[in-house]
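Chemist: Sequence unavailable; structure follows:
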């Protein structure tokens, strides 16, 4: 096993060389170094130990939970429990019950696995089947021995990521607890807080994860990946999937590539990417939506490109102005971030600010991290600019990552005043004071072919 510090140093150096806050991202970024599977396992396991030590105790105090029980059934894991498994555990083994107990007198958190096996060296096994053959009775004994005032479980009607306790497993837990079942409480804030909170070590590497996604997009939006008049949008979708697979990475949704062009029908977000593929032509305005998973962290990016017509050296001014309007909506949103605001309050403030300079802004941003559509408050929905309902009522917390997703609709004079949507999405980090983009943001439309290619 290579030295972990050397591995982390490689990540940090790559991040420092590529991460730039509040500046345009590189048009053709170089592909960063990608760790081997063994190296990735060493990094994610080190992060997991640090996260368990740093995050769980404060969360349990904040949420008023003295015990927290998570049940991971093999192949049907609680999404929170799944993120607590080491890299070599691709799934839970049989039924794995994880228990956290907050010792309030000593202000420490005990971690236990009510399972046949210890979970690596992070959850020691607290069940000996030879002594107590019944796993659920052993769980009841552990609870009685510690006599917690409150016992949290992952049940939530609002947030699926915090609703990981299945109906059958809940019956088992209640039966095991006996009289202690009256102390069960639903605390979705535990699950959401664990999933949304990023530690410093993760944030040192996250810019590199985003840079990899940006490099793949740059390769896709280039003359080397398409031939106007021949290549289709579906070709590019599958090229993205194949490139990610060839790099040994994963996507968390099928990529979307679609076209807006002059004298085209009105664009519909609802139908985005559902066509079987259109042939790309000179003069097309392309949109791409793409996300990868690396080191258990996810990206979510939407970029635009323009296919130059013969004799053109830049996109029409109306398209360039439209992207600038979308950048203004981004600024309106990121400037309104504040700890304690709910997602719905943030939406209202951001839209009020955006409407000062943009006629038709639309905001539908979300947290990102262990999941692409991550744990935390929603900030608008593409089909509702008034509220995200109960999912928008959760407050914003510091040390969280976000997908700044939105659009601005603008008329393009060069296209006879046709209305065009400029859809942007960039990954960012909120430290409690400011929002910074992890690898810059798109402020210029990518040209196909690149100008340097035209000069050759």
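Modeler: That came through fine. All values reported here derive from a predicted model rather than from experimental measurement.

Chemist: And residue 47, how close does it get to residue 203?
Modeler: 11 Å (CB to CB, to the nearest Å). Placement of C-beta: from N, CA and C, glycine included.

Chemist: let me redo that: residue 402
Modeler: Residue 402 sits at a distance of 12 Å from residue 203 (criterion: CB to CB).

Chemist: what touches both of these two?
Modeler: Counting by CB atoms under 8 Å, 6 or more residues apart in numbering, the common neighbours of residue 402 and residue 203 are residue 429.

Chemist: Residue 215 in helix, strand or coil?
Modeler: helix (DSSP: H, G, I helix; E, B strand; the rest coil).

Chemist: before we move on, what about residue 390?
Modeler: helix.

Chemist: Repeat that for residue 35.
Modeler: Per three-state DSSP, residue 35 ends up coil.

Chemist: tally of neighbours for it?
Modeler: 21 (other CB atoms under 10 Å).

Chemist: That one reaches residue 87, doesn't it?
Modeler: No: using CB atoms under 8 Å as the test, residue 35 is too far from residue 87 to be in contact (11.6 Å).

Chemist: Look at residue 402 and residue 203 and report which has more neighbours.
Modeler: Neighbours were counted for residue 402 and for residue 203 using other CB under 10 Å; residue 402 has more, 28 against 17.

Chemist: Kindly confirm my reading that the more buried one is in a helix.
Modeler: No: going by three-state DSSP, the assignment for residue 402 is strand, not a helix.

Chemist: do you know how far it is from residue 423?
Modeler: Distance, residue 402 to residue 423, by CB to CB: 16 Å.

Chemist: try residue 101
Modeler: Counting by CB to CB, the separation of residue 101 from residue 423 is 47 Å.

Chemist: Which one's more surrounded, the two?
Modeler: Counted by other CB under 10 Å, residue 101 and residue 423 do not tie: residue 423 has more neighbours, with 26 against 22.

Chemist: what sits against that one?
Modeler: 269, 287, 289, 302, 304, 326, 406, 407.

Chemist: Now do the buried residues in the helix or strand that it is a member of.
Modeler: Per DSSP states H and E: residue 423 is located in strand 418-430. The neighbour-count check on strand 418-430 (16 or more other CB atoms under 10 Å) flags 418, 420, 421, 422, 423, 424, 425, 426, 427, 428, 429, 430 as buried.

Chemist: Tell me the one of those nearest residue 339?
Modeler: Closest approach between the buried residues of strand 418-430 and residue 339, by CB to CB: residue 430, at 8.4 Å.

Chemist: Return the set of residues that bridge with that closest one.
Modeler: On the basis of DSSP bridges, residue 430 takes part in beta bridges with residue 400, residue 435.
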